[in-house]
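**Q** From the sequence below, what's the structure:
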Amino acid sequence: SSGINAEYGRQGIDQVYNKENINKTRYMQLYSCAYDYCANVSGDPNAKANDLPKPTKKPMKSGNGKQGARFIGHELYKKIKDYLEVYLQRCRAKIDEKDLQDEVLLDFYTKQWSDFRFSSKVLNGICQYLNRHWVKRKREEGNKKIYEISDLAFVQWKEHMLTPLSNQVTRAVLKLIEKERNGEVVNTGLIKTAVESFVQLGLKGNDPEARLTVYTQNFAHHFLAETTSYYTSESMIFLQQNPVPEYLKKAQKRLKDEQERCDKYLNESTRSDLEKRCLQVLVEQHLEIFYSEFQNLLDNDKNEDIGRMYELVYRLEGGLKHLKQLLEDHILRVGLKAVQSCQESKESVDPKSYVQALLDVHRKYNDLVNKSFDKNSLFVQALDKACTGFINKNCVSEAANNTGKSPELLAKYCNLLLKKSSRINPEEEELECILNDVMVIFKYITEKDVFQKFYRNLLASRLVNDTSVSTDLERSMISKLKQECGFEYTSKLQKMYTDTHTSKDLNDRFQEYCSANPANNDSLQGFSVMVLSDGSWPYSRPSSEFNIAPELRTIHDRFSTFYDKQHSGRKLSWLYSQSKGEVEWSRGKPKTSHRFHCSTFQLSILFQFNHRDSLTFGELQTNTMIEKDKLDQLVKQLVSFNVLALSKQSVNGGTKDSEMQLSDIVQLNLNYSNRKIRVNLALPLKSESKQETEQAHQSVKDDRMLVIQACIVRTMKSRKQLKHSLLLAEVMQQLQNFQPSVPAIKKCIGILIEKDYIERLDGENDTYQYRA
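**A** Numbers count the residues shown, from 1 in each chain. Purely as a prediction, here's the structure:
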């Protein structure tokens, strides 16, 4: 009978929820019982499942017009619901009877939940026929209060267990979490099971947020509020009792602990909100303290603590901007101080010390940015901006009243590296690394045209005097500059280098020519010539005449004849100021032989004493045709080497400081002696060095005016018409090798208007028009 079946089914449910052992046979009996109960549509209580018709797509009608299967399904569904309600009320009664609290309550709750969840899963399988037919049809008809049996069990748990016990369970969970935060060992399994119950008690649906409503309302909100309160109190107390670096370690550990807490037993949906709350309390509320301490960390090179602060502040939106500015200002101060420490005097700065000071600062803070700030673009930008600041404008440039001082010193440092020295030169690999460091500083140079001018002058000197330490290194440096600034920047440097190789071939052909056409007194030992392309080298044609010594005239003229035959239409201009040679001295007491390395001008002066031991200053000038001021310096230089001497009968009494007169007598020092056999007399004149530097800077200024004018013409030719402000912006944007000043651009515009390249529009003084 139906009563017997109902009692049989109730006993089966008891077995399920009492966790009695149910074998496969018993499970199938309970499944058949549920099926028979649902399939009994005839109204005969004695009917059996085997006697009943199978379910069809068209449900059978009972005498009262209602579907019997639906009626029986409702009855079974209600009986299961009533059973679950009674079962859960008994569970809750046990809690009330024993007055369970905190962890004991949580232990009981989670054990009951785990058992109930498993049993409900078994019951859901037994009632699958009910779920697939009656429950499904009811939900399709729009009755959302009818659930599958597993969901029905959860709904009943929520109503009879969770709702009345929610505050107690949540409080117990939060107490365990607080104990864990305090360093106590707790049973995290209880927390995990309780949290999972909150999540699983959300009704199933397509909306993930809706499924987490129970979890959010009953636990997550309370947990986040408790977290905020806990860390607010802890952070304030800790900062009062400990230094900031220790707090950074503490905050880092706390954030890591909370992440691990999410991994262990919290729902993933809590992770984002938990991190925001922790950052707000542990970091954001103490930003001012962080900013104040950041400067101390920089001053004391506490890179690890700086890295910790960065990792914490990085997570806050906009938190890094102030740190970036603090770092930029600090690097700028350190850089300016480093430059100041290497400044020997207002007029003298050692290029090596200067560049090394710049590199030390950059290397130190580049390492800091890479490691402590994880190469963050904001801090890379801060480093670049600070380095650009102190490299281009510092006490050295201010003392010289010239913003091009840094590129000048950098070019001179390159010359020290690439020029042969009496000291032991570093290996090529080491020099290559140093040149790479030089390029680091070069990238920050704003006036790259100044560097180009000085580097070109010094490269010319190395090539002409054959003092380059390595051909490969010279090529490598030109390649680096080309990669950084383009082909046009290094085109003249490359042509200079090409000329040296062409000149070697030319000298070989000249030696063959001399061998094939021998003549008396027509050659000097070791004679060689470099033919330099006009416009590529930093040398201008000589502006004054020079009477070359007869001893040099023959070979001089013979090479000119040879070159004219080789290259018709070309004209040679001899650069005597760059020429050098050796002359043998074979007089003195005791009579010894010395070899003097001299400039061509010095040679011409010394050759005057081959036949006479003394000459007047006027005679020397007449014979050599050297300008008086320059001859004055050359003679005094030879006097300083004791090769020549000033007669005491001279008007100035033989003094070296006063300007020489035409009647002053210059004598050959017949008593000259020197322990060295080879003596270098060809040292640059101090006035020449200073003059060359000034000329180089002036040449840069003149070149800039031409470059600006060319840029304006190109721009106007392309745009035809342009507003004054837009033209200024275009020119500043296009010129990369230096930063043109607005007055300079305006001056160039005026020059071009005078030359009729551009004109102002009638009635619009701020608009220019290109004139074809």
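
**Q** Distance of N182 relative to V281?
**A** Using Cβ to Cβ, to the nearest Å, N182 is found at 17 Å from V281. Just so you know, the C-beta spots here come from the backbone N, C-alpha and C atoms, and that holds for glycine as well.

**Q** Those two - which one has more neighbours?
**A** Remark: of N182 and V281, V281 carries more neighbours, 22 against 10, as counted by other Cβ atoms under 10 Å.

**Q** now the more buried one, nearest residue through space, not along the chain?
**A** Y231 (4.4 Å; Cβ to Cβ, 6 or more residues apart in numbering).

**Q** outside of whichever strand or helix holds L417, which residues touch it?
**A** Using DSSP states H and E, L417 sits in helix 405-418. With Cβ atoms under 8 Å, 6 or more residues apart in numbering as the test, helix 405-418 has contacts from 349, 351-352, 354-355, 358, 391-392, 394, 396-397, 431, 434-435, 438, 441-442, 445, 447-448, 450-451, 454-455, 458, 461-462, 468-470, 473-474, 477, 693, 696-697.

**Q** First residue to last residue on stretch 611-629, what's the distance there?
**A** 25 Å (Cα to Cα, to the nearest Å).

**Q** Distance from it to the middle of the chain?
**A** Computed by Cα atoms, centre = their mean, to the nearest Å, the chain-centroid distance of stretch 611-629 equals 63 Å.

**Q** returning to that earlier point: restricted to helices, list the contacts of helix 405-418.
**A** Judged by DSSP state H, helices contain the following of those: 351-352, 354-355, 358, 391-392, 396-397, 431, 434-435, 438, 441-442, 448, 450-451, 454-455, 458, 461-462, 473-474, 477, 693, 696-697.

**Q** For ChimeraX, write a command that selects the buried ones of those.
**A** ChimeraX command restricting the ones in helices among the contacts of helix 405-418 to the buried ones, with burial defined by 16 or more other Cβ atoms under 10 Å:
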select :351,354,355,358,391,392,396,397,431,434,435,438,441,442,448,450,451,454,455,458,461,462,473,474,477,693,696,697
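
**Q** on that earlier part again, just the pLDDT for the residue nearest to V281.
**A** Per-residue confidence at Y231 stands at 95 (pLDDT).

**Q** Which strands or helices does the helix or strand in which it is found pack on?
**A** Using DSSP H and E, Y231 sits within helix 221-241. Packing contacts for helix 221-241, counted by 3 or more Cβ pairs under 8 Å, 6 or more residues apart in numbering; DSSP states H and E, involve helix 163-181, helix 244-264, helix 270-282.

**Q** I'd like those helices laid out as TSV, including distance to L620 and mean pLDDT.
**A** Shown next, in TSV, are the helices and strands packed on helix 221-241 (distance: least, Cβ to Cβ, whole Å; pLDDT from 0 to 100):
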stretch	distance to L620	mean pLDDT
helix 163-181	96	92
helix 244-264	76	94
helix 270-282	85	93
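
**Q** for the ones you listed, which one sits closest to Q156?
**A** helix 163-181 (10.8 Å; Cβ to Cβ).

**Q** relative orientation of that closest one and helix 244-264 in degrees?
**A** 140 degrees (axes from the mean of the first three to the mean of the last three Cα atoms, to 10 degrees).

**Q** Residues touching whichever helix or strand comes after helix 163-181, excluding its own?
**A** Using DSSP H and E, the next helix or strand after helix 163-181 towards the C-terminus is helix 188-200. Helix 188-200 is touched from outside by 103, 106-107, 109-110, 113-114, 117, 154, 162, 169, 172-173, 176-177, 180, 211-212, 214-215, 218-219, 264-267, with contacts defined as Cβ under 8 Å, 6+ apart.

**Q** Can I have the buried ones of those as a ChimeraX selection?
**A** For the buried members of the contacts of helix 188-200, the matching ChimeraX selection, counting by 16+ other Cβ under 10 Å, is:
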select :103,106,107,109,110,113,117,154,162,169,172,173,176,177,180,211,212,214,215,218,219,265,266,267
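
**Q** And F510, how far from M530?
**A** 12 Å.

**Q** which regions of the stretch 1-150 of the chain sit below the pLDDT cut-off?
**A** Applying pLDDT under 70 to the stretch 1-150 of the chain flags residues 1-9, 40-72.

**Q** distance of L152 from E268?
**A** 27 Å.

**Q** no wait, Y513
**A** Y513 is 89 Å from E268, by Cβ to Cβ.

**Q** what do you get for T554?
**A** Going from T554 to E268 by Cβ to Cβ gives 96 Å.

**Q** Looking at these two, which one has more neighbours?
**A** The neighbour comparison of T554 against E268 (other Cβ under 10 Å) goes to T554, with 15 against 10.

**Q** which residue ranges form the strands in this structure?
**A** For the chain, the strands defined by DSSP state E cover 580-585, 594-599, 614-616, 644-646, 665-668, 678-680, 721-723, 758-761, 764-770.

**Q** Now distance to N242 too, for the ones you listed, in a markdown table please.
**A** Formatted as a markdown table, those follow (distance: least, Cβ to Cβ, whole Å):
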| stretch | distance to N242 |
| --- | --- |
| strand 580-585 | 72 |
| strand 594-599 | 71 |
| strand 614-616 | 87 |
| strand 644-646 | 79 |
| strand 665-668 | 82 |
| strand 678-680 | 68 |
| strand 721-723 | 61 |
| strand 758-761 | 69 |
| strand 764-770 | 63 |
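
**Q** before we move on, the earlier item: please export the C-alpha coordinates of the helix holding Y231 as PDB.
**A** Provided in PDB are the C-alpha atoms of helix 221-241 (Å, rounded to 0.1, in the frame of the first residue of the first chain):
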ATOM      1  CA  HIS A 221      31.400  41.800   4.700                       C
ATOM      2  CA  HIS A 222      32.100  41.000   8.300                       C
ATOM      3  CA  PHE A 223      35.500  39.500   7.500                       C
ATOM      4  CA  LEU A 224      36.600  42.700   5.600                       C
ATOM      5  CA  ALA A 225      35.400  45.000   8.300                       C
ATOM      6  CA  GLU A 226      37.200  42.900  10.900                       C
ATOM      7  CA  THR A 227      40.400  42.900   8.800                       C
ATOM      8  CA  THR A 228      40.300  46.700   8.500                       C
ATOM      9  CA  SER A 229      39.900  47.100  12.200                       C
ATOM     10  CA  TYR A 230      42.600  44.600  13.100                       C
ATOM     11  CA  TYR A 231      45.300  46.100  10.800                       C
ATOM     12  CA  THR A 232      44.400  49.700  11.600                       C
ATOM     13  CA  SER A 233      45.200  49.100  15.200                       C
ATOM     14  CA  GLU A 234      48.200  46.900  14.600                       C
ATOM     15  CA  SER A 235      49.800  49.300  12.000                       C
ATOM     16  CA  MET A 236      49.500  52.400  14.300                       C
ATOM     17  CA  ILE A 237      50.900  50.600  17.300                       C
ATOM     18  CA  PHE A 238      53.800  49.000  15.300                       C
ATOM     19  CA  LEU A 239      54.800  52.400  13.700                       C
ATOM     20  CA  GLN A 240      54.900  54.000  17.100                       C
ATOM     21  CA  GLN A 241      57.300  51.400  18.500                       C
END
